[in-house]
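Enquirer: Pasting the sequence and the predicted model now:
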Amino acid sequence: MTAIFILSFSALTALNILLLLTVFTDVLKLWPTPSKQSWQTYVFWPLFRVGLGLTILLGVMSFAAAPHYDLQAAFGVPLALAGLGLTVYGYFDLGIDNTYGSDDGLVTSGLYRYSRNPQYVASIVGFLGLGVAAASMPVALLCVLAIGVYMLLPLAEEPWLERTYGASYRRYKQRTPRFLSVAKLFEKPLGAER
């Protein structure tokens with residue numbers, strides 16, 4: 001378990017640092033990756049998959065191995081499963097190519113009506129749930145780093161989205177929150193009966 005923690009911690013720490021550089025400097029731009037054969041693709045995706053995948057693995061292993069309180073499991077497990085389920089559902093709304101950084105069109109319907117980044121919101125909820133359910137400080141630390149990645153990704157994407165989709169994205173950005181607005185959840189869809 002120690003090796004899994006070290007690998008995940010290293011990957012997530014590196015990814016957070018690179019995303020911070022992407023967002024706050026002009027030193028490099030890691031995400032969105034400019035092409036499937038770019039150095040960014042060969043750096044971003046291995047760090048992302050190793051960091052997040054091993055965090056999930058270690059969380060599940062910790063949950064299975066350690067005694068936990070019923071309240072902790074009752075709160076954490078549903079959050080983790082709901083986050084995972086909504087993340088996967090978001091792939092279908094956005095499309096798999098767009099999910100991986102393509103520019104196949106601006107999606108503003110489905111889950112994207114309520115948040116500009118519903119997959120990230122769902123992943124944050126999922127990692128929050130995993131951290132609670134696992135009842136492990138190392139897993140909680142990894143979940144905090146994973147949540148950091150999901151907080152930085154939209155900041156890295158927004159300039160690219162604005163360049164790619166122009167006025168359409170700016171209008172979408174004005175009416176839809178970056179993460180989530182409770183008021184937006186209770187709003188009637190455009191064209192709905194009043």
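Expert: Done, it's in.

Enquirer: Find the residue at the geometric middle of this structure.
Expert: Nearest residue to the geometric centre of the chain (C-alpha atoms, centre = their mean): Tyr120, 3.1 Å.

Enquirer: Not counting its neighbours along the chain, what's nearest that one?
Expert: Tyr150 (4.4 Å; C-beta to C-beta, 6 or more residues apart in numbering). Bear in mind the C-beta positions are built from the backbone N, C-alpha and C, glycine included.

Enquirer: wait, doesn't the one you found sit right on Val125?
Expert: No - contact between Tyr150 and Val125 fails when scored by C-beta atoms under 8 Å: they sit 9.8 Å apart.

Enquirer: who's in contact with Val50?
Expert: Contacts of Val50 were listed using C-beta atoms under 8 Å, 6 or more residues apart in numbering, and they are 7-8, 11.

Enquirer: Could you say which of the residues you listed is surrounded by the most neighbours?
Expert: Neighbour count (other C-beta atoms under 10 Å) singles out Ser8 as the most crowded of the contacts of Val50, with 26 neighbours.

Enquirer: Show the contacting residues for it.
Expert: So Ser8 contacts 50-51, 54-55, 58, 142 (C-beta under 8 Å, 6+ apart).

Enquirer: Please apply the same query to Ser35.
Expert: Taking C-beta under 8 Å, 6+ apart, we find Ser35 in contact with Thr41.

Enquirer: could you point out the longest helix in this structure?
Expert: Using DSSP state H, we find that the single longest helix of the chain is helix 137-175.

Enquirer: And the helices in the protein?
Expert: With DSSP H as the criterion, the chain has helices at 2-24, 39-65, 70-94, 96-99, 118-134, 137-175, 182-185.

Enquirer: right, so of these, which gets closest to Ser109?
Expert: Evaluated over those, closeness to Ser109 peaks at helix 70-94, with 7.3 Å, by C-beta to C-beta.

Enquirer: What is the burial count for the residue nearest to Tyr120?
Expert: Applying other C-beta under 10 Å, we find 22 residues neighbouring Tyr150.

Enquirer: Okay, it and Leu28: tell me how far apart.
Expert: 20 Å (C-beta to C-beta, to the nearest Å).

Enquirer: now swap in Phe92 and tell me
Expert: Relative to Leu28, Phe92 is positioned 32 Å away (criterion: C-beta to C-beta).
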